[in-house]
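1. Sequence plus predicted model, see below.
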Amino acid sequence: MQGKIVKGIAGFYYVHVVESGVYECKAKGIFRKDGVKPLVGDNVEIEVLDEEEKKGNIREILTRKNELIRPAVANIDQALVVFAVTKPKPHFNLLDRFLVMMEQKKIPVILCFNKSDIAKESDISKMEEIYRSCGYPVFFTSAKEGWKIEEVKKILHGKTTVLAGPSGVGKSSLINLLQSEVMMETGSISRKIDRGKHTTRHSELLVLEEDEKVEDCGSYIVDTPGFSSLYVNDFEKEQLKYYFPEFGPYEGLCRFSGCDHVHEPDCAVKQAAEEGKIHEIRYNDYVAMYRELQEKRRYWRWKIFLPRRFFRLILKFWENRSNRQKKQAQNIYILM
């Protein structure tokens, strides 16, 4: 019997089987032995142990189309990245890191900036200027007032969409407007630190409501816990430039072939950034991530030659330095 994992909590996986309902399953030990962990969104083969109690075991995980580590989901068609225009103020460096991760996985991204009803027009214009020029679809919504919700529903129709973003931006409120089967817990942001409180603690796949005139073609949304940090370190620094789509028109126009657009003279991308054709915030975030990946390479070079104890001390030093740089970047790039 085949189904799709819609939720996973404490080693239990809830598998939705069409026309049969949801089964509470455990993963067989073979998965642990092979180092494989079932993810929300996985298509799986299950064996039923008790039909009346709806219990079973996961026998096989079918081939994944794609998978994400954070949030931990699989078989995604697109990502709806939700940030607030204000309260909390958007952290552009964090947003750009998530966009890089999606570009690497080749997952299409839709940007949704919530709380536009309480934002200044200048803030909305700035965010639109930054990200529309990169080629991303951008929506400015208000979960409180119900603005642009129907437009968001249209782009989610017929697809499995992962909804991701920091805590406190209104993800759960948006989900409550997109579907009514499960009412998600919502919360307020902390006045002291201007951040959201974690109301979503696990990933869960929800079925979206369909128009009665349209046949159900499988519209799902994956609600995920909020995040406040994200590391991009599973690829080499030379690959990073390919995950910034606005750099594409300038590739091959630089003086040096294989230009990384950081230190090299006569760089077309650097010139475009100076002329405002590439937004300064996006370019600065690219440079910050490039240097972070550069430091990662140094770690492994030292690890080969140094004893483990000395390597740990050096690693700790670079981590502290990196954390200080991130705090400085946060102060620079948060929209005032």
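-> Received it, and whenever you're ready, just let me know what you need.
2. Residue 49: neighbour count?
-> 14 (other CB atoms under 10 Å). Any C-beta I mention is one placed from the backbone N, CA and C, and that applies to glycine too.
3. Alpha carbons of the host helix or strand of it, as PDB, please.
-> According to DSSP states H and E, residue 49 maps onto strand 43-50. Below are the C-alpha coordinates for strand 43-50, written out as PDB (Å, rounded to 0.1, in the frame of the first residue of the first chain):
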ATOM      1  CA  ASN A  43       6.100   8.700  -1.000                       C
ATOM      2  CA  VAL A  44       6.300   5.400   0.800                       C
ATOM      3  CA  GLU A  45       5.300   1.800   0.700                       C
ATOM      4  CA  ILE A  46       3.700   0.600   4.000                       C
ATOM      5  CA  GLU A  47       2.500  -2.700   5.500                       C
ATOM      6  CA  VAL A  48      -0.700  -2.500   7.600                       C
ATOM      7  CA  LEU A  49      -0.400  -4.100  11.000                       C
ATOM      8  CA  ASP A  50      -3.900  -3.100  12.300                       C
END
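4. Does anything pack onto that strand? Which helices or strands?
-> strand 2-9, strand 12-17, strand 21-27, strand 55-61 (3 or more CB pairs under 8 Å, 6 or more residues apart in numbering; DSSP states H and E).
5. what bits of the stretch 51-200 of the chain have low per-residue confidence?
-> Scanning the stretch 51-200 of the chain for pLDDT under 70 picks out 182-200.
6. ok, which stretches of it are helices?
-> Along the stretch 51-200 of the chain, the segments classed as helices by DSSP state H, counting those that start in this stretch run 92-105, 121-132, 149-156, 171-178.
7. a markdown table please, covering these and showing mean neighbour count.
-> Output for these, formatted as a markdown table (neighbours: other CB atoms under 10 Å):
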| stretch | mean neighbour count |
| --- | --- |
| helix 92-105 | 20 |
| helix 121-132 | 15 |
| helix 149-156 | 14 |
| helix 171-178 | 21 |
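8. And these: which comes nearest residue 82?
-> Nearest of those to residue 82, taken as CB to CB: helix 171-178 at 5.1 Å.
9. Centre of the chain to that closest one, how far?
-> 17 Å (CA atoms, centre = their mean, to the nearest Å).
10. Run the angle between it and helix 149-156 for me.
-> Orientation check (axes from the mean of the first three to the mean of the last three CA atoms, to 10 degrees): helix 171-178 against helix 149-156 gives 90 degrees.
11. which other helices and strands contact helix 171-178?
-> Helix 171-178 packs on strand 109-114, helix 149-156, strand 160-164, strand 220-223, going by 3+ CB pairs under 8 Å, 6+ apart.
12. all helices of the stretch 201-336 of the chain, in order?
-> Under DSSP H, counting those that start in this stretch, the stretch 201-336 of the chain gives helices at 268-274, 280-305, 308-333.
13. circling back: and residue 278, which of the helices and strands packed on helix 171-178 is closest to it?
-> Across the helices and strands packed on helix 171-178, closest to residue 278 is strand 109-114 (CB to CB), at 17.3 Å.
14. what comes into contact with the closest one?
-> By CB atoms under 8 Å, 6 or more residues apart in numbering, the residues outside strand 109-114 that reach it are 78-85, 90, 99, 102-103, 124, 127, 131, 136-143, 152, 155, 161, 169-170, 173-174.
15. That strand pairs with which strands, and in what direction?
-> strand 78-84 (parallel), strand 138-140 (parallel) (DSSP bridges).
16. and of those, who's closest to residue 115?
-> Here strand 78-84 is closest among these (CB to CB), at 4.5 Å.
17. re earlier: could the helices and strands packed on strand 43-50 go into TSV alongside distance to residue 317?
-> Listed next are the helices and strands packed on strand 43-50 as TSV, based on distance: least, CB to CB, whole Å:
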stretch	distance to residue 317
strand 2-9	37
strand 12-17	41
strand 21-27	40
strand 55-61	40
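18. Any chance of a markdown table for the ones you listed, columns mean neighbour count and distance to residue 111?
-> What follows is the helices and strands packed on strand 43-50, written out as a markdown table (neighbours: other CB atoms under 10 Å; distance: least, CB to CB, whole Å):
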| stretch | mean neighbour count | distance to residue 111 |
| --- | --- | --- |
| strand 2-9 | 20 | 26 |
| strand 12-17 | 19 | 29 |
| strand 21-27 | 18 | 32 |
| strand 55-61 | 17 | 31 |
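19. What is the neighbour count of residue 63?
-> Neighbour tally, residue 63, other CB under 10 Å: 7.
20. show me the contacts for the closest residue to residue 146 other than its chain neighbours.
-> Leaving aside its sequence neighbours, residue 146 sits nearest to residue 177 (CB to CB, 6 or more residues apart in numbering; 6.6 Å). If you count contacts by CB under 8 Å, 6+ apart, residue 177 has them with 143, 146, 149.
21. ok, the residues you listed vs residue 249, which is closest?
-> residue 149 (34.3 Å).
22. Go ahead and confirm the closest one touches residue 140.
-> No. Using CB atoms under 8 Å as the test, residue 149 is too far from residue 140 to be in contact (11.8 Å).
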